[in-house]
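>>> Just to be clear, the model below is a prediction. Sequence and coordinates:
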Amino acid sequence: MTELRRSGIDVLGDIHWGTHCCQFYETKEDLLDLLIPYFKAGLETNEYCVWVTSDPVPLDDALQALRQTIPGFDHFLQKKSMEILTHADWYLTGGKVNSQEIINRLDDKLNKALASGYEGMRVNGNESWLEPITRTPDSPGEHWDDFMNYERELNTSIKGKRMIVLCTYPLLSSNAASLLDVAHSHERVIAKRKGAWEILEEAGLKEIKSELLRSNFELEQKVEVRTLELINTIAYLQIEIDQRKKTEEELKKSELRYRTLVEQASDAILITDQQGNLIEANTSFRKMFGYSETELNGINLMRLVDPEQLRTDPLRFDLLLAGAALLRDRRMRKKDGTIFDIEENVKMLPDGRILAVVRDITQRKQAEDALRRSEDRIRLIIDTIPIMAWSILPDGTIDFVSQRWMDYAGLSLEQESKEPMGIIHPEDLPRATKKWLANMAAGEPSEDEMRLKRADGEYRWFLVRTEPLRDEKGNVVKWYGVSADIEDSKRAQDTLNQSYEEIRRLTEHLLKIREEERTRIARELHDELGQQLTVLKMDVSWLTKRVTSTDDATLDKIKDLYALLDSTMQSVRRISHELRPVLLDELGLAAAMEWHLKEFEKRSAIKTHFSQPEEELQLDDTVKTNLFRIFQESLTNVARHSKATEVKVDFVHDVNQIALRIEDNGLGFNKKSVTESKTLGILGMRERAASFGWHYEIKTEPGHGTTVLVTIPL
């Protein structure tokens, strides 16, 4: 091939297609000094250029040097007239050098370049990555021998092809053996001598050539070996040919499967050229648009787009040619003129054709319209109901507030979104924020009361509830909330609580008065009436001793009177103890309980068990009195209603509390259906305990007895 090409390197001048030469360089500047004009000449003469980079000029530095030196270099990049690769991407396959694969890649790129209208291809590979180039026969450098085989095979392969290859090697890393290998593998060697670039013909190169002559005899002896290797290579090539045939067959089968999949696809699939002319379309596309295969031949896509939309929203082939992929909705037109909605996914294929996948979304659009109308109706309902409604996205952004919210707060959705917590009362804000963030992180519903500011600046109490909306995987996609005005009910509740507290204080006062009155009556019964009855009993006894009448009726009457006085004194003593047990004041609460249990067992025939602290507790009189009254009322309920045969009373204390537990084995009852008489007794005990801050609890079930538990915190 005699055609000469401008090399861009002064010392080389014009060179033939098929030239394979090398450059030895010492610095980065030496390397760029030849490579930049070398590629500049190639680009300017319509050659496809490939630069395989390595240190000291990595890929980014290579791009920067080309942009600084070659005018309009980005235009060449946009045309894809040049390709810049790293040595690892180009030379190494599985970490090794495979000469045949590299040569095949060169041939493929050359064929594609010629098919795209380029005059040919020029290549540079910077081989500084071959470490170490300096080696000994006993310790060859990694990849070196394989790479030299590639250089020698390339020297033969490149002949007759529209390709120029310049290989560059760092001089400082090379020794005589390396120089010999490189020189033997290239037609020409370029190096800088005394500051100027020269083609090495004399001095060092002549010495290399003489060494090559001396080695000629040895090479002839290796001819037979090389011949054998050639035979093996031919056999390998035959295997490669067979493999390629097999690959082609697989490719045909794969293409058939691909076409079958495309034809069976429910989505419409089409391929056009860069002007929108239809090249190929599947059956679904033809059915979707109502055309036959013949009618679609050469049709342009713009005929299939809604004309109204096309005027305002043209097809963007410019974006596709720039490498963008488009996913969007568009309105299309069928053969019969029907306008319908589609979703298109469009991109450019490596060969420059345009691939589009089209899906009919008419039903989806109809569903979206129906959903939008439904949302409008729901919004109208929300704006009508007497509560404020809103919704929040998972990131905390407010995306909806009802009209009633905006009317109350005097804020638009945009204003509320900028400061969503601004409407909350400053005193409620820390608590409300902490609770909301915790529930939001846990994905749980939330309920809280807080004061919200009205447009006129007044704060009113609201009950705020939030509920998460989840997708089918359980992920929260939105939070819905409502805020109900509870200002009036809050005030009513405060009034009710205040009234209840006043009633409780009144009850406590009445209990205190009643207890004082009981104590006074018990004392009068014990002290005054008891003394008078004792005197009366002594008088009757004296009278009995002095009566000499033999009238039996008189004697019997005196005996009856004496017995009646004795019974009356016992009744007075019992009533006095029930009103205010003397033991409660003299011996303490546990002793009073124990005495009362014994009296209870005598009167009711219900067996009792009592456990108490080893030491008497030092309690306030008020505590002793009220705990004893609860104890008394509980036993009264057992006697009246339980039909129990056994009662167990535990009076215990520890460092934290005092506990009174009264348990019977009676009938038990349903707390929801107790009679009013029972309820009043229980209510009295509960209120008595509550007035002192005690805990009062009843545990019962029909048929399982009843347990009363009173705990007093210490």
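Arrived safely.

>>> gap between the residue most central in space within the chain and residue 653?
Closest to where the C-alpha atoms of the chain average out (CA atoms, centre = their mean) is residue 475, at 8.3 Å. Shown here: residue 475 relative to residue 653, a distance of 53 Å by CB to CB, to the nearest Å. Every residue, glycine included, has its C-beta placed from N, CA and C.

>>> how about the residue nearest to the centre of the chain, phi and psi?
The phi/psi pair for residue 475 (degrees, to the nearest 10) reads phi -80, psi 140.

>>> Can you check the pLDDT for it?
You'll see residue 475 listed with a pLDDT of 88.

>>> State the distance from it to residue 121.
Where residue 121 is concerned, residue 475 sits at a distance of 54 Å (CB to CB).

>>> what are the ranges of the helices in the stretch 251-400 of the chain?
283-289, 307-312, 317-321, 362-384 (DSSP state H, counting those that start in this stretch).

>>> Most tightly packed of those helices?
Neighbour counts (mean count of other CB atoms under 10 Å) averaged over each of the helices of the stretch 251-400 of the chain peak at helix 283-289, with a mean of 19.

>>> which residues touch it?
263, 265-270, 292-293, 296, 304, 332, 334-335, 342, 358, 360 (CB atoms under 8 Å, 6 or more residues apart in numbering).

>>> again, only using 6 Å
Applying CB atoms under 6 Å, 6 or more residues apart in numbering, the external contacts of helix 283-289 come out as 263, 265, 268, 270, 334, 360.

>>> Check stretch 296-310 too.
276, 277, 278, 281, 331, 332, 333, 339.

>>> Between those, which sits nearest residue 611?
Using CB to CB, residue 331 comes nearest to residue 611 of the contacts of stretch 296-310, at 88.3 Å.

>>> tell me the contacts of the closest one?
306, 309, 339, 341.

>>> Show me what the longest strand seen in the chain is packed up against.
If you go by DSSP state E, the chain has its longest strand at strand 459-470. Secondary-structure packing of strand 459-470 (3 or more CB pairs under 6 Å, 6 or more residues apart in numbering; DSSP states H and E): strand 446-453, strand 476-485, helix 487-524.

>>> relative to strand 476-485, how tilted is that strand?
Angle of strand 459-470 versus strand 476-485, following axes from the mean of the first three to the mean of the last three CA atoms, to 10 degrees, is 160 degrees.

>>> Can you tell me what sits against strand 459-470?
With contact meaning CB under 6 Å, 6+ apart, strand 459-470 is reached by 425, 443, 445-449, 451-453, 476-487, 490.

>>> go on, stretch 32-43?
Under CB under 6 Å, 6+ apart, the answer for stretch 32-43 is 6, 8, 9, 23, 49, 65, 69, 70, 76, 81, 122, 124.

>>> cool, stretch 626-640 as well?
592-593, 600, 604, 644, 647, 662, 664, 681, 685, 688, 708, 710.

>>> Not counting residues beside it along the chain, what's closest to residue 432?
Spatial nearest neighbour of residue 432, chain neighbours left out: residue 450 (4.9 Å); criterion: CB to CB, 6 or more residues apart in numbering.

>>> Can you give me every residue that contacts the one you found?
With CB under 6 Å, 6+ apart, residue 450 has these contacts: 424, 428, 432.

>>> where does the stretch 201-350 of the chain have low pLDDT?
The stretch 201-350 of the chain contains residues with pLDDT under 70 at 201-221, 223, 254-256, 258-259, 261.

>>> Now do the strands in it.
268-272, 278-281, 326-333, 339-348 (DSSP state E, counting those that start in this stretch).

>>> ranking those by burial, who's on top?
strand 268-272 (a mean of 21).

>>> That one - contacts with which helices or strands?
Applying 3+ CB pairs under 6 Å, 6+ apart, we find strand 268-272 packed against strand 278-281, helix 283-289, strand 354-360.

>>> For residue 59, find the nearest of the ones you listed.
Nearest of the helices and strands packed on strand 268-272 to residue 59, taken as CB to CB: strand 354-360 at 29.9 Å.

>>> by how many degrees do that closest one and strand 268-272 diverge?
Following the same axes, to 10 degrees, one obtains 150 degrees for the angle between strand 354-360 and strand 268-272.

>>> Strand 354-360 packs against which elements?
When contacts are defined as 3+ CB pairs under 6 Å, 6+ apart, strand 354-360 packs onto strand 268-272, strand 339-348.

>>> pull the CA atoms of it into PDB?
C-alpha atoms of strand 354-360 as PDB (Å, rounded to 0.1, in the frame of the first residue of the first chain):
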ATOM      1  CA  ILE A 354     -33.200   4.400  18.100                       C
ATOM      2  CA  LEU A 355     -35.000   1.800  20.300                       C
ATOM      3  CA  ALA A 356     -38.300   2.600  21.900                       C
ATOM      4  CA  VAL A 357     -40.500   0.500  24.200                       C
ATOM      5  CA  VAL A 358     -44.100   1.700  24.200                       C
ATOM      6  CA  ARG A 359     -46.900   0.800  26.700                       C
ATOM      7  CA  ASP A 360     -50.600   1.800  26.400                       C
END
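
>>> Give me the domain ranges for this structure.
4-221, 265-360, 366-485, 486-580, 587-713 (automatic domain parsing).

>>> Okay, and residue 147 sits in which element?
Using DSSP states H and E, residue 147 sits within helix 144-157.

>>> buried residues in that helix?
Buried residues in helix 144-157, defined by neighbour count with 16 or more other CB atoms under 10 Å: 144, 147, 148, 150, 151, 152, 153, 154, 155, 157.

>>> which of these lies closest to residue 230?
residue 153 (11.6 Å).

>>> pretty sure the closest one is touching residue 99, no?
Yes - using CB atoms under 6 Å, residue 153 makes contact with residue 99 at a distance of 5.1 Å.

>>> Can you tell me the closest non-neighbouring residue to residue 328?
residue 344 (6.3 Å).

>>> So what sits opposite the one you found in the bridge?
On the basis of DSSP bridges, residue 344 is bridged to residue 328, residue 358.

>>> again, but for residue 485
residue 462.

>>> ok, how many other residues are close to it?
The number of residues packed near residue 485 is 18, by other CB atoms under 10 Å.

>>> With the one 10 residues further on instead?
Using other CB under 10 Å, residue 495 is surrounded by 10 other residues.

>>> Which residues lie in contact with it in this structure?
Counting by CB under 6 Å, 6+ apart, residue 495 has no contacts.

>>> Could you say which helix or strand holds residue 114?
Assigned by DSSP H and E, residue 114 falls within helix 99-115.

>>> Quick check: buried residues in that helix?
With burial defined by 16+ other CB under 10 Å, the residues of helix 99-115 counted as buried are 99, 102, 103, 106, 109, 110, 113.

>>> Likewise for stretch 479-499?
Neighbour counts over stretch 479-499 (16+ other CB under 10 Å) mark 479, 481, 482, 483, 485, 486, 490 as buried.

>>> Could I get the average pLDDT for that stretch?
Across stretch 479-499, pLDDT averages out at 84.

>>> C-alpha coordinates for it, CSV please?
Only the C-alpha atoms of stretch 479-499 are listed here, as CSV (Å, rounded to 0.1, in the frame of the first residue of the first chain):
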residue,chain,number,x,y,z
TRP,A,479,-48.9,10.3,57.7
TYR,A,480,-52.5,11.5,58.0
GLY,A,481,-53.6,13.7,60.9
VAL,A,482,-56.6,15.4,62.3
SER,A,483,-56.9,18.2,65.0
ALA,A,484,-60.1,18.5,66.9
ASP,A,485,-60.9,21.6,69.0
ILE,A,486,-61.3,20.5,72.6
GLU,A,487,-61.1,23.9,74.2
ASP,A,488,-64.7,23.9,75.5
SER,A,489,-64.5,20.2,76.7
LYS,A,490,-61.1,21.0,78.3
ARG,A,491,-62.6,23.9,80.3
ALA,A,492,-65.5,21.7,81.3
GLN,A,493,-63.1,18.9,82.3
ASP,A,494,-61.1,21.4,84.4
THR,A,495,-64.3,22.6,86.0
LEU,A,496,-65.4,19.0,86.7
ASN,A,497,-62.0,18.2,88.1
GLN,A,498,-62.1,21.2,90.4
SER,A,499,-65.6,20.2,91.5
